[in-house]
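In: structure, please.
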Amino acid sequence: MGKIILTGDRPTGRLHIGHYVGSLRRRVELQNSGLYDKIFVMIADAQALTDNADNPEKVRQNILEVALDYMSAGLDPQKTTIFIQSQVSELTELTFFYNNLVTVQRLQRNPTVKQEIKMRGFSEDDSDNKAGTPVGFFCYPISQAADITAFKATTVPVGEDQEPMIEQTREIVRKFNSVYGPTLVEPEILLPDNAACLRLPGTDGKAKMSKSLGNCIYLSDSAEEVWAKVKGMFTDPGHLQVSDPGKVEGNTVFTYLDAFCRDEHFEKFGDCFKGRKASFEFHSLDEVKAQYRAGGLGDMMIKNFLNAVLNDTLEPIRTRRKELEQDIPYVYEVLRKGSETARAAAAETLTDVKRSMRINYFDPGVLDELIKEQSEKYGSQL
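Out: Predicted coordinates for the structure are as follows:
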């Protein structure tokens, strides 16, 4: 069996740089590596509706936004199948069958589910006046298992916050195979190899970059928007004077540099460290950190450099996005063809699952055997 990737995003807004360093950049690298036989990237609109059921237009409009971000960042429809989750009905059937293999108590223990419920302000019981947790949202680890197994994915590149979800999928696979026989593929998780990319904080220093918190830098942000957000970023609150020693740990600006900066950026943007009162020449990020810890290096110099690095990364993406925005019919044709390809692949898995569960009553040969068996049992005429 070949090596297959399945990954995706919920279309609740444009993608931000947290998505980019957490998974999207890696997806493009994997796509171009030649190491994988198939790559499926899903726009998870059905999953997005589990907590946006009263606002379907939001999800509908953002499908295009996510598709534009995907392709502008480098996902190539000739190499990667980009599809819309809701257009592959086989995923819903698989979810229904998997529901019987997972207990409510196990879902309640899933730390990602617990965190997401808390973040969205859902109630975990009936003791307060908060909105209750939609069943579809509560059960989305099962839906995610259906997404992964439908394409026989061997590898799922995600951020560390999704580790409990992948483990739940692995449990479902093991349970299904133990009950019904070897059928499903147990996937492996592929985490970012840069620690800073595991979970990029928001520009306000909060633990997670989130559209709802308004602390994101989007892939489609203009250079002016990026600079405005970088200028307002959280640094070291104890670094009041330029001469004060600064802390790198927990400093959002340095976390972003860890995720995006490369040694060649110092040759390209070295002028950012030249000022009227002090000038520096750096060749690596470690040198910048050492100087900041020692004191004498101002936050604005660091932010200027980060701004240059970010825009160096984002400019090609912005340019490609503007080109794609001029041909919206092409983008939807990519999604239509990708959804057809995805549905064909998922249908094969669903056939295997039904066969293993012995609910393939009308498959060729199966019906004849059933009729013969039951006729003999009841003594009826064939």
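In: helix, strand or coil: sort out residue 77 for me.
Out: Remark: residue 77 carries the secondary structure label coil [criterion: DSSP: H, G, I helix; E, B strand; the rest coil].
In: can you tell me, leaving aside adjacent residues, what's nearest to it?
Out: Nearest in space to residue 77, with sequence neighbours left out and distances taken as C-beta to C-beta, 6 or more residues apart in numbering, is residue 334 at 4.6 Å. Heads up, the C-betas are built off the backbone N, CA and C, glycines and all.
In: ranges for the strands of the protein?
Out: 4-9, 38-43, 81-84, 155-157, 188-190 (DSSP state E).
In: could you dump those into CSV with mean pLDDT added?
Out: Listed next are the strands of the chain as CSV, based on pLDDT from 0 to 100:
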stretch, mean pLDDT
strand 4-9, 95
strand 38-43, 98
strand 81-84, 98
strand 155-157, 92
strand 188-190, 91
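In: dump those strands to JSON lines, plus mean neighbour count and distance to residue 367.
Out: Formatted as JSON lines, those follow (neighbours: other C-beta atoms under 10 Å; distance: least, C-beta to C-beta, whole Å):
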{"stretch": "strand 4-9", "mean neighbour count": "23", "distance to residue 367": "32"}
{"stretch": "strand 38-43", "mean neighbour count": "24", "distance to residue 367": "33"}
{"stretch": "strand 81-84", "mean neighbour count": "24", "distance to residue 367": "32"}
{"stretch": "strand 155-157", "mean neighbour count": "21", "distance to residue 367": "37"}
{"stretch": "strand 188-190", "mean neighbour count": "16", "distance to residue 367": "38"}
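In: follow-up on the earlier one: per-residue confidence for the residue nearest to residue 77?
Out: Predicted confidence (pLDDT) at residue 334: the value is 98.
In: any idea how far it lies from residue 320?
Out: Taking C-beta to C-beta, to the nearest Å as the measure, residue 334 falls 14 Å from residue 320.
In: comparing these two, which residue is more hemmed in?
Out: When residue 334 is set against residue 320 and neighbours are counted by other C-beta atoms under 10 Å, the residue ahead is residue 334, at 22 against 15.
In: how about the contacts made by that one?
Out: Shown here is residue 334, whose contacts under the criterion C-beta atoms under 8 Å, 6 or more residues apart in numbering are 67, 71, 77, 82.
In: burial of residue 112, as a residue count?
Out: 18.
In: which residue sits closest to it, ignoring its sequence neighbours?
Out: Of all residues apart from its sequence neighbours, residue 164 sits closest to residue 112 (C-beta to C-beta, 6+ apart), at 4.6 Å.
In: these two touch, right, the one you found and residue 106?
Out: No. If you go by C-beta atoms under 8 Å, residue 164 and residue 106 don't touch, sitting 10.8 Å apart.
In: where in the protein is the helix or strand with the lowest mean pLDDT?
Out: helix 111-119 (a mean of 84; mean pLDDT, DSSP states H and E).
In: can you give me the buried ones in it?
Out: By neighbour count on 16 or more other C-beta atoms under 10 Å, the buried set for helix 111-119 is 112, 113, 116, 117.
In: where does the prediction get shaky in the protein?
Out: For the chain, applying pLDDT under 70 flags the ranges 1, 124-130, 194-198, 381-382.
In: kindly report the domain assignment for it.
Out: If the domains of the chain are taken from automatic domain parsing, they occupy 4-200+328-366, 223-323, with pieces of a single domain joined by a plus sign.
In: on that earlier part again, can you redo the strands of the chain as JSON lines with distance to residue 222?
Out: Supplementary listing: the strands of the chain in JSON lines, determined by distance: least, C-beta to C-beta, whole Å:
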{"stretch": "strand 4-9", "distance to residue 222": "22"}
{"stretch": "strand 38-43", "distance to residue 222": "24"}
{"stretch": "strand 81-84", "distance to residue 222": "25"}
{"stretch": "strand 155-157", "distance to residue 222": "29"}
{"stretch": "strand 188-190", "distance to residue 222": "32"}
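In: right, and the ones you listed - which one's nearest residue 375?
Out: Evaluated over those, closeness to residue 375 peaks at strand 4-9, with 42.7 Å, by C-beta to C-beta.
In: that closest one to strand 38-43, inter-axis angle?
Out: Counting by axes from the mean of the first three to the mean of the last three C-alpha atoms, to 10 degrees, strand 4-9 lies at 10 degrees to strand 38-43.
In: helices or strands up against strand 4-9?
Out: Helices and strands touching strand 4-9, by 3 or more C-beta pairs under 8 Å, 6 or more residues apart in numbering; DSSP states H and E, are helix 25-33, strand 38-43, helix 140-150, strand 155-157.
In: can I get those in CSV with distance to residue 101?
Out: Output for the helices and strands packed on strand 4-9, formatted as CSV (distance: least, C-beta to C-beta, whole Å):
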stretch, distance to residue 101
helix 25-33, 29
strand 38-43, 22
helix 140-150, 8
strand 155-157, 19
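In: looking at the ones you listed, spot the one closest to residue 380.
Out: Closest among those, once you apply C-beta to C-beta, is helix 140-150, at 39.0 Å.
In: and that closest one, what other elements does it pack with?
Out: strand 4-9, helix 45-48, helix 90-98, helix 111-119, helix 163-180, helix 328-357.
In: how about CSV for the ones you listed, with distance to residue 312 added?
Out: As requested, those are arranged in CSV below (distance: least, C-beta to C-beta, whole Å):
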stretch, distance to residue 312
strand 4-9, 24
helix 45-48, 32
helix 90-98, 39
helix 111-119, 32
helix 163-180, 31
helix 328-357, 26
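In: which of those sits closest to residue 314?
Out: Among the helices and strands packed on helix 140-150, strand 4-9 sits nearest to residue 314 (C-beta to C-beta), with 17.7 Å.
In: good, wrapping up.
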